[in-house]
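J.: Need coordinates for the following:
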Amino acid sequence: MAAPLLYRNRNYRLLFTAGALTNLGDGMMALALPWLASLMTRDAVAIAAVAAAGRLPWLLFSVPAGVVVDRMDRRKLIARADMLRAGLTLAILLLALSAPATGAIWLLAGLAFLLGAAEVLRDNAAQTILPSLVSADDLEAANGQMWSVEQLTGQFIGPPLAGVLIAAGIGLPFGLDIAALVLAAGFVWLIVMKPVPPTDQRFWAALKEGIAFMRNDAMLLRLAIVLGLANFLAIATITVQILFAQDVLGLSAAGYGVLLSIEAMGAITGSLLAPLAVRRFGLHPCLYAAIATWGLGYGLVGLSRHAATMGLALFAVLAAAMLWNVITVSWRQRRIPPALLGRVNSIYRFFGWGSMPLGALAGGAIVSVLEPEMGRELALRAPFLLAALCCLGLLIYALFKLRLE
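T.: Numbering: from 1, shown residues only. Got it, this is the predicted structure:
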């Protein structure tokens, strides 16, 4: 029996530890940044601008970031991106400790944007470097473990820890994030691997090469389109999820927090069990089961009248999402040539992330349009029921068109 991957693979262990540290920091920042913004201003638009600024780089830079990842030493790029994020977080810490005026909210938004840009590079490089550190047979296990630690530290530990630290001082979560990022950069720097061969290929030529590969690989393109539609549906439901919990199920803030914890547990469970499920049932049955579970979960939420039912459904949806991620990320890492992995991976993720803002707008629009005719409760149920119906369409498409060789 082979030893556990974390035990026998030093390079992977270093990357895993670095990922745990950076995601812990990201989880703390998810609460600390908007909290700091709320101390600067009570303007909802300005506070929302800080959150939007952190996500905007995924839309603007994810595609060109792939070219950068393929042209540089990925190990050094990850470490330098984490050090850059540590420096930007230090700037935010100094801002938090300086009793900033209301106008400083826009400086905070600018720093959040720069943090997001560094995160785009870091995350792309981290996903791209993994096939160089583990064998092809270990990719499912490695991706499952990486996804699970991301959920554990980023969703379970980070936000509550930030809440405790903020009570003692607004600067503490930022200080701890700086320490986590510096440590993470150190662990990545210790990874030993062959450097990326230098290339004199020009930027636009390299980008066109990645686009051409994506366009000519029909199966990869189909998978990216399905991901984009799935994320559109996911964000459309997440946008109205809190209103559904409040207005339909009557949950308090504490009750909704428990619901989110159950959701995160589903993600962790799916990440850890995905490799076993693929070995036991096969790749395609698991892929189709994931899409079917999304539809069943959304439908169950749309029909639910009790918080326990909604919690069970969200647990299943997130577990299925992690199963999908482990399967498709591992498949992409095997299919795409190493020299092109950064570029093609970034284009693929552009499809997935680019649909999210549209999904958020769609979820709110559905409720707004239907509420005058159907009433508040039915209007809030509608996005989930429509998502379930759309997942049935995705499943039919997948059964006929998605065959991952």
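J.: Could you use CA atoms for every contact and neighbour count after this?
T.: OK.
J.: In which helix or strand does the residue nearest to Cys390 when sequence neighbours are not counted reside?
T.: The shortest distance from Cys390 to any non-neighbouring residue, by Cα to Cα, 6 or more residues apart in numbering, is to Gly295 (7.7 Å). Assigning secondary structure by DSSP states H and E places Gly295 in helix 283-303.
J.: Show me what that helix packs onto, helices and strands only.
T.: helix 307-335, helix 376-401 (3 or more Cα pairs under 8 Å, 6 or more residues apart in numbering; DSSP states H and E).
J.: Ok, which of the ones you listed comes nearest Pro357?
T.: helix 376-401 (15.3 Å; Cα to Cα).
J.: Which other helices and strands does the closest one contact?
T.: Against helix 376-401 (3+ Cα pairs under 8 Å, 6+ apart) you get helix 218-243, helix 283-303, helix 356-374.
J.: could I get those helices as CSV with mean pLDDT, distance to Arg334 and mean neighbour count?
T.: Formatted as CSV, the helices and strands packed on helix 376-401 follow (pLDDT from 0 to 100; distance: least, Cα to Cα, whole Å; neighbours: other Cα atoms under 10 Å):
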stretch, mean pLDDT, distance to Arg334, mean neighbour count
helix 218-243, 88, 12, 20
helix 283-303, 96, 14, 22
helix 356-374, 83, 26, 16
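J.: Nearest to Val63, out of those helices?
T.: helix 218-243 (13.8 Å).
J.: any idea of the angle that closest one forms with helix 356-374?
T.: Calculated by axes from the mean of the first three to the mean of the last three Cα atoms, to 10 degrees, helix 218-243 forms an angle of 50 degrees with helix 356-374.
J.: and the following helix or strand past helix 218-243, how far out from the chain's middle?
T.: Downstream of helix 218-243, the first helix or strand assigned by DSSP H and E is helix 253-281. The chain centre lies 14 Å from the centre of helix 253-281; the measure is Cα atoms, centre = their mean, to the nearest Å.
J.: Going by neighbour count, which residues of helix 253-281 are buried?
T.: 256, 259-275, 278 (16 or more other Cα atoms under 10 Å).
J.: helices or strands next to that helix in the packing?
T.: helix 139-151, helix 307-335.
J.: Pick the most buried one from these.
T.: Mean neighbour counts were compared across the helices and strands packed on helix 253-281 using mean count of other Cα atoms under 10 Å; the top stretch is helix 139-151, at a mean of 24.
J.: For that helix, give me every contacting residue.
T.: 5, 16, 19-20, 23-24, 131, 134, 264, 267-269, 271-275, 322, 326-327, 329-330 (Cα atoms under 8 Å, 6 or more residues apart in numbering).
J.: make it 6 Å
T.: Contact partners of helix 139-151, identified using Cα atoms under 6 Å, 6 or more residues apart in numbering, comprise Ala20, Asn23, Ile268, Ser271, Leu272, Pro275, Val326, Ser330.
J.: any chance of the residues you listed in CSV, with pLDDT and distance to Pro57 too?
T.: Output for those, formatted as CSV (pLDDT from 0 to 100; distance: Cα to Cα, whole Å):
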residue, pLDDT, distance to Pro57
Ala20, 95, 22
Asn23, 93, 18
Ile268, 88, 27
Ser271, 88, 27
Leu272, 87, 30
Pro275, 89, 32
Val326, 90, 24
Ser330, 89, 25
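J.: tell me the two of those residues that are most distant?
T.: Asn23 and Pro275 (21.9 Å).
J.: Relative to Ala339, how far out is Thr128?
T.: 10 Å (Cα to Cα, to the nearest Å).
J.: So which of those two has more stuff around it?
T.: Counted by other Cα atoms under 10 Å, Thr128 and Ala339 do not tie: Thr128 has more neighbours, with 26 against 15.
J.: related to what we said a few turns ago, export the helices and strands packed on helix 376-401 to JSON lines and tack on distance to Leu94?
T.: Shown next, in JSON lines, are these (distance: least, Cα to Cα, whole Å):
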{"stretch": "helix 218-243", "distance to Leu94": "33"}
{"stretch": "helix 283-303", "distance to Leu94": "43"}
{"stretch": "helix 356-374", "distance to Leu94": "31"}
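J.: Okay, now the unreliable bits of the stretch 51-200 of the chain?
T.: Across the stretch 51-200 of the chain, the ranges flagged by pLDDT under 70 are 99-102, 196-200.
J.: which residues in it form helices?
T.: Using DSSP state H, counting those that start in this stretch, the helices of the stretch 51-200 of the chain run over 74-97, 105-133, 139-151, 158-168, 172-189.
J.: Quick check: which of the ones you listed is buried the most?
T.: helix 139-151 (a mean of 24).
J.: so the helix holding Gly295 versus helix 253-281, what angle?
T.: 160 degrees.
J.: what separates helix 283-303 from the chain centre, distance-wise?
T.: Relative to where its chain is centred, helix 283-303 has its mean C-alpha point 19 Å off (Cα atoms, centre = their mean).
J.: for stretch 236-243, same thing?
T.: Using Cα atoms, centre = their mean, the offset of stretch 236-243 from its chain centre is 17 Å.
J.: measure the nearest residue in space to Met356 that is not next to it in sequence to Trp106 for me?
T.: Leaving aside its chain neighbours, Met356 sits nearest to Phe232 (5.2 Å; criterion: Cα to Cα, 6+ apart). Phe232 sits 29 Å away from Trp106, going by Cα to Cα.
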